[in-house]
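Trainee: could you work out the structure for the sequence below:
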Amino acid sequence: MSATAEAVRAFRERLRLPGLVDVHTHFMPERVLDKVWDYFDAAGPLTGVAWPITYRHEEEQRVALLREFGVRAFTAMLYPHKPQMAAWLNSWSAGFAARTPDCLHTATFFPEDPAAAYVRRAVDAGARIFKAHLQVGGYDPGDELLDPVWGLLAEAGIPVVVHCGSGPVPGKHTGPGPISAVLARHPRLALVIAHMGMPEYGAFLDLAERYEQVRLDTTMAFTDFSAQFGTFPAGELGRLADLGDRILLGTDFPNIPYPYEHQLAALERLGLGDDWLRAVCHDNGARLFGLD
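Mentor: This is a model prediction of the structure:
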């Protein structure tokens, strides 16, 4: 067993967790993931910093590592950066979920005429979580082509992990404003704000307090690496504790520049207590996806 697996097991055993539920992991078609890794290798403009990929392995090995870490459910976060791409990604992801039963069937979308139809197909095929990346996609979540998509997902109660914060660098449609407008029209939408909304933490905590179906994932937040993009305000720790039933573990595996256990250690050093950690790392996700 690797040192990371040992560290994660020790974390789980101390908290008496049956496993971890990680809502923000990436699995994509090989050629797409290779391009993502090339982008990180080149310190692309959306990152601007050196970003070594810790878990640059073949798909089968990456799945095996998550299982070795005790992750009982994970996702295949994938996202288009242009039209006529999302339906193909959804087809691949459906196949990945079929051959990987511990992966929550993940799907995505883009503002385009067929979006409502292929999102409906994905829902009917059993998709359990969606991904929207406003920074990479460069689109306005309030685009009228997406209004039926948001409505369908709100009605179905299917969570959408959305990268809408302005970290690591702002995009044209990032920040709390654009996604707030969507929530105003679809207040029952089960949004999961990726990366805790980094760096606009307080504004996204506001959304979670205002809308009972809004959650936040911990992906890369609180880690040493992410401190360069803005640290979580110490004055907001009380609100973070109070929202403990709406915070979900996310890691960005495999595209992280540090070992998997660092995300867990970063959460633990917040000092919010074992009950909070148990909820975030397992119970909230298990309840959201009916795993128990």
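Trainee: residues touching residue 187, list them.
Mentor: The contact partners of residue 187, taken as Cβ atoms under 8 Å, 6 or more residues apart in numbering, are 211, 213. All C-beta spots, glycine's among them, are computed from the backbone N, C-alpha and C.
Trainee: and it, what pLDDT?
Mentor: Note on residue 187: pLDDT of 98.
Trainee: Three-state assignment for it, please.
Mentor: Classification of residue 187 using DSSP: H, G, I helix; E, B strand; the rest coil returns coil.
Trainee: so which residues of the stretch 151-292 of the chain form strands?
Mentor: All strands of the stretch 151-292 of the chain, identified by DSSP state E, counting those that start in this stretch, fall at 160-163, 191-193, 215-217, 247-248.
Trainee: the longest one packs against which elements?
Mentor: Counting contacts by 3 or more Cβ pairs under 8 Å, 6 or more residues apart in numbering; DSSP states H and E, strand 160-163 is packed against strand 129-133, helix 134-137, strand 191-193.
Trainee: deepest of those, which one?
Mentor: Highest mean neighbour count of these: strand 191-193, a mean of 27 (counted as mean count of other Cβ atoms under 10 Å).
Trainee: neighbouring strands - and their directions - for that strand?
Mentor: Next to strand 191-193 in the sheet, as set by DSSP bridges, lie strand 160-163 (parallel), strand 215-217 (parallel).
Trainee: list of residues touching it?
Mentor: 23, 159-162, 164-165, 179, 183, 204, 207-208, 211, 213-217, 248.
Trainee: where does this protein dip in pLDDT?
Mentor: Applying pLDDT under 70 to the chain flags the ranges 44.
Trainee: mind listing the helices for it?
Mentor: For the chain, the helices defined by DSSP state H occupy 3-15, 30-41, 59-68, 86-99, 115-124, 134-137, 147-156, 176-185, 201-210, 237-242, 260-268, 274-278, 284-288.
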